[in-house]
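[1] Generate a structure from the sequence data that follows.
(chains A and B)
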Amino acid sequence: MKKPLHKRLGHGVKHAHRRVTKYLMERDTLFATLWVFIFIFVLGSIPLNLGILNPVKLGLKDFDFNDLYYSKVGNKQKNDIDSNIVVVNIGRADREAIAMLVEKTASMGPKVIGLDVLFDGPRDPYQDSLLRETINKTPNLVLAVKYLTDSSHKLIAANNYFKNDKTLYGHVNFPTHGDKETIRSYYPFKEDDKEHDIIIPSFTTTLLKQYNQEAYHRIEKKINKETIISYSRTLTEHKKQYLVVQPEDLMMDMVDSSSFKNRIALLAYVNDNPNDIEDKKFTPMNEKYAGKSTPDMNGIIVHANILSMVLENNFIKKFPGWGNWLLAIIVCWLHMSFFIHYYLESHIWFHLAAKIAQVLSAIFFVWLGIEIYNRYHVKVNMKYSLITIVMAVDVIYFYEAWATWMHKKYHYNTVFKPHHH
Amino acid sequence: MKKLLFVSLLLSSAVFVQAQGADFLIYSFKGNVSVVENNAEAKAKVGKLMNSSATIKVANGSAVTLICNEAAMFTITKGGTYPLRNFGDSCKVSKSSVSSNYVKYVWAQMTKSSGSPGSNRKAYMNTVGAVSRSINNVWIDPRLDTVNYCDGDVPLSWKSYADAEEFEFFLFSSTDIVNPIYKTTVKKHKVPVSDLLGKIKPGNTYYWTAAVKGEENDDLKVLNYKKKEDFKSILETIKAQGVPFEGDAEQAYRIAFMLEDAHFLAEAHDYYEKAATADEANVLYRSTLMSFRKDYEIK
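    Numbering: from 1, shown residues only, chains lettered A, B, ... in the order given. Predicted structure coming up:
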């Protein structure tokens, strides 16, 4: 007589459970798991760059599993326009035109204005004096600077000719190695390594201090703390999640003043043309999340995302390193138990079962990471767990040889029998 | 029955409230666009918020991009008068769970076929040029980086990011890229190659560009005017690459694809047309012809 469905299902679950747990508490499973981590440690400690000719490693150098969330599955983040922020495109305006745009923007009544332009040294004296005058008479204007270290290794705010003691300013640096890396984080405050009273706030931090004290308090203690950027909005040909005003529209009074009143106005170069990469950065919202691609987001939209994140208290917490390793140990241990079961009891199916388990586990753990990221705003690094799953299969072969040798030499008790396959 | 009436009343009022409650934001516009609110008409302004009782008037040749409920974006490009309450459907934004998006994505990636050149020509075409680093108001599709031409007609086209009415087209010889051999002012965003035939000679290379009138554009594109015998030899080579028992329509389609890949756009258009005419029932040939015309602004 055929068993009812629930009993057959129950039997199947019990069977699968046994496959995972039968060898779970065996000493061999624990030691094989340990060997996986020894291998990871040893391979990671080799001072040579063995991935120099490895296209997979090179292609995935700047890869993060959570990028899938931004790029493909996260509803392209929140769909609403952030009405706290309005962006004014400065196009290719010169210093005189920038001065006019700043004045016009200020006349619309924003609470604070950010000018995301670096002014390296003097240019035309007439234009420079116009811009300096405008900057001096706009007390709520925040200038962009870059933090650097001078010849005495002291932290300085540089790259802005118009910065003086009275102007508000903030740094626009991102902690990446060159402009080809994805921007995932920023420093709300950068502190000098030795002189702790030298602190340069970020461009967005200074803007927030002027705009919303409550939001500012959320970041005021993040001195020298690398903060993950939670991207919520983008600006592309097909998706506009920040209001962008064109300079000619602003100057010809074609913009509703209510869209500026008591808001944050950001002046910078913006272009939603995907083929124009002027001042564009790589972000996790790039359609292509691995391999070669083109930069996808203007720098000012990255700053706007930081502002939205702090205003909406939408921070991402980082799961601690020890937690990631602990998770990897548990994942590796469970997989090792499953693999050893197949290795010893159904060896003919071992490789097939292992490959299927690896693919399914990879899909599951990437989903788990994304879901935790989405629900709890916690970034768990699943990389270690996935590496251990991949390595576990190969380590079993090594472990078998090692256990057999130990058995012969020291009568080490093992479930592996010599040359069993 | 009473329950049924109550439920339908509740549902219809919910739909009514949703349609009435929509807010519209003018994101951008060009040309003459005005807004009618409380029987008062005013010129449209970027960033203006309106409710669904407002009406928007778009003059011919103008366009307006609206964002509904801070979420859904749509553009009106045809002239006319549009009460905003009619755009209820455009306000819908589908939001599915991250998990279901993930499952759909993984499934699509695992099952998606990579396609073939015949059915997905853009994925296999080598006509795209380099990404530009510029802040021009005029953008020329990288697919027009190099155009080889012998016979027929194809427009040299561009897009404008400025609200400009007139554009200047410049044609340079390969020996002098400072002084144009031909310059014209046009209102459309294209110049047909056939208009240039009196200025160009077969066997020569020319450069061209377009800019908003009064502006400059350093982004030069290449136009190779090929001699008839050179094109004939290329065509013979392409024809010889066919498989046995290739039908007329199949051959025309293959030649069109290979000519497009070799940047002979006018000639490729002729062959895509031949394929679509030779096998009128073939949806792929017809849709590819339409797609080709759209890509290269052929009307």
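[2] hey, let's count contacts and neighbours off CA atoms from now on
    Will do.
[3] Count the residues that sit near the residue lying closest to residue A:157 once chain neighbours are set aside.
    Nearest non-adjacent residue to residue A:157, counting by C-alpha to C-alpha, 6 or more residues apart in numbering or on different chains: residue A:147, 4.7 Å away. The local packing of residue A:147 (other C-alpha atoms under 10 Å in any protein chain shown) involves 22 other residues.
[4] pretty sure residue A:147 is touching residue A:199, no?
    No: look at residue A:147 against residue A:199 with C-alpha atoms under 8 Å: they stay out of range, at 9.9 Å.
[5] what bits of the chain have low per-residue confidence?
    If you meant another chain, say so; for now it's chain A. A:1-3, A:5, A:9, A:12, A:49-61, A:75-79, A:177-179, A:418-421 (pLDDT under 70).
[6] hmm, I had chain B in mind actually
    In chain B, residues with pLDDT under 70: B:1-22, B:70, B:94, B:113-115, B:126-135.
[7] show me where chain A has helices.
    Taking DSSP state H to define them, one finds helices in chain A at A:5-21, A:27-45, A:55-59, A:67-68, A:95-107, A:125-136, A:203-211, A:213-217, A:247-251, A:299-311, A:321-345, A:350-376, A:383-410.
[8] ok, back up a step: can you tell me which residues contact the residue nearest to residue A:157?
    A:155-158, A:171-173, A:200 (C-alpha atoms under 8 Å, 6 or more residues apart in numbering or on different chains).
[9] how far away is it from residue A:223?
    14 Å (C-alpha to C-alpha, to the nearest Å).
[10] For the helices of chain A, please prepare TSV with the additional fields distance to chain B.
    Formatted as TSV, the helices of chain A follow (distance: least, C-alpha to the nearest C-alpha, whole Å):
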stretch	distance to chain B
helix A:5-21	23
helix A:27-45	28
helix A:55-59	18
helix A:67-68	9
helix A:95-107	14
helix A:125-136	21
helix A:203-211	20
helix A:213-217	22
helix A:247-251	8
helix A:299-311	15
helix A:321-345	21
helix A:350-376	7
helix A:383-410	17
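[11] max-length strand in chain A?
    With secondary structure taken from DSSP state E, chain A has its longest strand at strand A:141-149.
[12] which of the residues in it are buried?
    Going by neighbour count (16 or more other C-alpha atoms under 10 Å in any protein chain shown), the buried part of strand A:141-149 is A:141-148.
[13] Show me the two of the contacts of residue A:147 that sit farthest apart.
    A:155 and A:172 (14.3 Å; C-alpha to C-alpha).
[14] What is the nearest of the buried residues of strand A:141-149 to residue B:273?
    Checking these one by one against residue B:273 (C-alpha to C-alpha), the nearest turns out to be residue A:144, at 55.5 Å.
[15] For the closest residue to residue A:287 other than its chain neighbours, which residues are in contact?
    The shortest distance from residue A:287 to any non-neighbouring residue, by C-alpha to C-alpha, 6+ apart, is to residue A:71 (5.4 Å). Each residue near residue A:71 by C-alpha under 8 Å, 6+ apart is listed here: A:284-289.
[16] still on that earlier bit, could the helices of chain A go into CSV alongside distance to residue B:234 and mean neighbour count?
    Shown next, in CSV, are the helices of chain A (distance: least, C-alpha to C-alpha, whole Å; neighbours: other C-alpha atoms under 10 Å in any protein chain shown):
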stretch, distance to residue B:234, mean neighbour count
helix A:5-21, 63, 12
helix A:27-45, 54, 17
helix A:55-59, 37, 12
helix A:67-68, 45, 22
helix A:95-107, 52, 19
helix A:125-136, 57, 17
helix A:203-211, 58, 23
helix A:213-217, 66, 15
helix A:247-251, 49, 17
helix A:299-311, 46, 22
helix A:321-345, 59, 20
helix A:350-376, 48, 17
helix A:383-410, 51, 18
